[in-house]
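1. Sequence plus predicted model, see below.
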Amino acid sequence: MADIPPSSLRLFRPAFYSTGVDCFGPMHVKVGRHTEKRWGILYKRLTTRAIHLDLLPNMDTDSFLMSLRRFIARRRKPYELLSDQGTNFKGGSKELHEAFCALEPAVKDQLAAEQIFFRFNPPNAPHFGCSWEREVRSVKNALRTTLGAQTVPEEVLMTVLIEVEGILNSRPLGYVSSDLADPDPVTPNCLLMGRPDSSLPQVVYPESELLTRKRWRHSQVLADHFWKHYIKHFLPTLQARQKWLTEKDDITVGTVVLIIDQQTPRALWQIGTVKNVIPGADGRVRTAVIQVKDRTYTRPVVRLIKLPALP
C-alpha cells in the first residue's frame, strides 16, 4: 500500500484546502405531477473528513460549475480538487482553464496564484479516491434505504441532504482533553466553525408523518431514518475484528470510547470514559462500564469504538 498522499497531509491550511469531489444518484423528486431526476455531489475535506453536500439538476459541466461556485461562496476556494475522470469534472476544468487563458495578461498575473488545480485519478481506478468514495457509499446506501422507492419534493430532498451533512460533520474524530473524566471530542464541525457544535433541539415525529403534506415533518422523519441506518450499518464497520482470529489488546480503564446506541437522538454522540472492565471466564474483557457525564452504562465491547487521542 502506498504512503498517505500529500493532499491528506496539508496541515494548518484553510478549510477544504485539498478537496475530493464525486457525484452520486440519480434520485427522483416530485415536480408538480411528474418526477424528475436529481444527483447529489459530495465535497470532502481530505485532512479533517468534513463534507459538503449539494444537489445537481443535471450531470453536465454547467451544473458542476454552478455547484462549485456555491461551494466556494460558502466554504471558500480550494487549492486543489481531486476527482475521477467524469466528463462533468473534465469539462469544468477545461471551462475554467479557457476562461483563465482569455483574461488580460495583467489580470492573469494577479490571478495565477488563485487557480484551482484539478487532479484526476487514472481511469477505472476508484480506489485512488477511497477517502471520499467511502463517504459517497455511506451517504448513498443510507439514502437509498431511507428514501426507498418514494419520490419527495426537491425542497425535502435538499433539506435531508443538509441534515445528513450536519450529522456526518458532527461525528467525533478523536478527543483532546486534559481531564479524562470530561472528554471533549473533536468533530469536523469544531474545525470548520472554531467552536463546539450547536445544533437545534431535535423534534421526533411518528412514522405516519411520511404520508403528511407538511414537508417539514416529512424531512425530519427522513433525517431520523438516515440516522438510524447510519448507526446500525456504518458505525459497526469501524471496528476491525477480522473474524476475531487475531489477538487484540483488551480495552482498559481510562480509554475514551464512543457508544453505539440505536436509541440515541439524531446527531447525539455518546462519548464516555471506561471506568471498569468485566473480564469473562477466559480472562478476556468483553464488557465494560462507561461513564458518560454523570451517568454510567454497562455495554459490551462490540458496542464501543475506541477514540484516538489527538496530538
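-> Alright, I've got the coordinates. Residues are numbered from 1 along each chain as shown.
2. Output the longest helix belonging to the protein.
-> Identified as the longest helix of the chain according to DSSP state H is helix 130-147.
3. Now that helix: buried residues?
-> In terms of neighbour count (16 or more other CB atoms under 10 Å), helix 130-147 has its buried residues at 131-133, 135-136, 138-139, 142-143, 146-147. Quick note: C-beta positions are derived from backbone N, CA and C, even for glycine.
4. next one: stretch 153-168
-> 156-168.
5. How about stretch 32-52?
-> Neighbour counts over stretch 32-52 (16+ other CB under 10 Å) mark 38-52 as buried.
6. Now do the end-to-end distance for it.
-> 28 Å (CA to CA, to the nearest Å).
7. how far out from the middle of the chain is that stretch?
-> With CA atoms, centre = their mean, to the nearest Å as the basis, stretch 32-52 stands 11 Å off its chain's centre.
8. Give me the contact list for stretch 88-107.
-> 21, 23, 59-61, 63-65, 68, 81, 83, 108, 111, 115-116, 118, 120 (CB atoms under 8 Å, 6 or more residues apart in numbering).
9. among those, which are in strands?
-> 21, 23, 81, 83, 118, 120 (DSSP state E).
10. do you know how far the fourth one is from residue 19?
-> Going back to what we said before, that points to residue 83. Distance from residue 83 to residue 19, counting by CB to CB, to the nearest Å: 9 Å.
11. For these two, indicate the residue with more neighbours.
-> Neighbours per residue, other CB atoms under 10 Å: of residue 83 and residue 19, the larger number sits with residue 19, 27 against 23.
12. Can you classify the closest residue to the more buried one other than its chain neighbours by secondary structure?
-> Nearest residue to residue 19, sequence neighbours excluded (CB to CB, 6 or more residues apart in numbering): residue 78, at 4.4 Å. Classification of residue 78 using DSSP: H, G, I helix; E, B strand; the rest coil returns coil.
13. residues touching residue 78, list them.
-> By CB under 8 Å, 6+ apart, residue 78 lies in contact with 16-19, 72, 116.
14. give me phi/psi at it?
-> phi -80, psi 160 (degrees, to the nearest 10).
15. Could you export the buried residues of stretch 153-168 as a markdown table, including secondary structure?
-> Below are these laid out as a markdown table (three-state DSSP):
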| residue | secondary structure |
| --- | --- |
| 156 | helix |
| 157 | helix |
| 158 | helix |
| 159 | helix |
| 160 | helix |
| 161 | helix |
| 162 | helix |
| 163 | helix |
| 164 | helix |
| 165 | helix |
| 166 | helix |
| 167 | helix |
| 168 | helix |
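16. Can I get the residues you listed in JSON lines including distance to residue 231?
-> Output for the buried residues of stretch 153-168, formatted as JSON lines (distance: CB to CB, whole Å):
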{"residue": "156", "distance to residue 231": "22"}
{"residue": "157", "distance to residue 231": "22"}
{"residue": "158", "distance to residue 231": "23"}
{"residue": "159", "distance to residue 231": "20"}
{"residue": "160", "distance to residue 231": "16"}
{"residue": "161", "distance to residue 231": "19"}
{"residue": "162", "distance to residue 231": "19"}
{"residue": "163", "distance to residue 231": "15"}
{"residue": "164", "distance to residue 231": "13"}
{"residue": "165", "distance to residue 231": "17"}
{"residue": "166", "distance to residue 231": "15"}
{"residue": "167", "distance to residue 231": "10"}
{"residue": "168", "distance to residue 231": "12"}
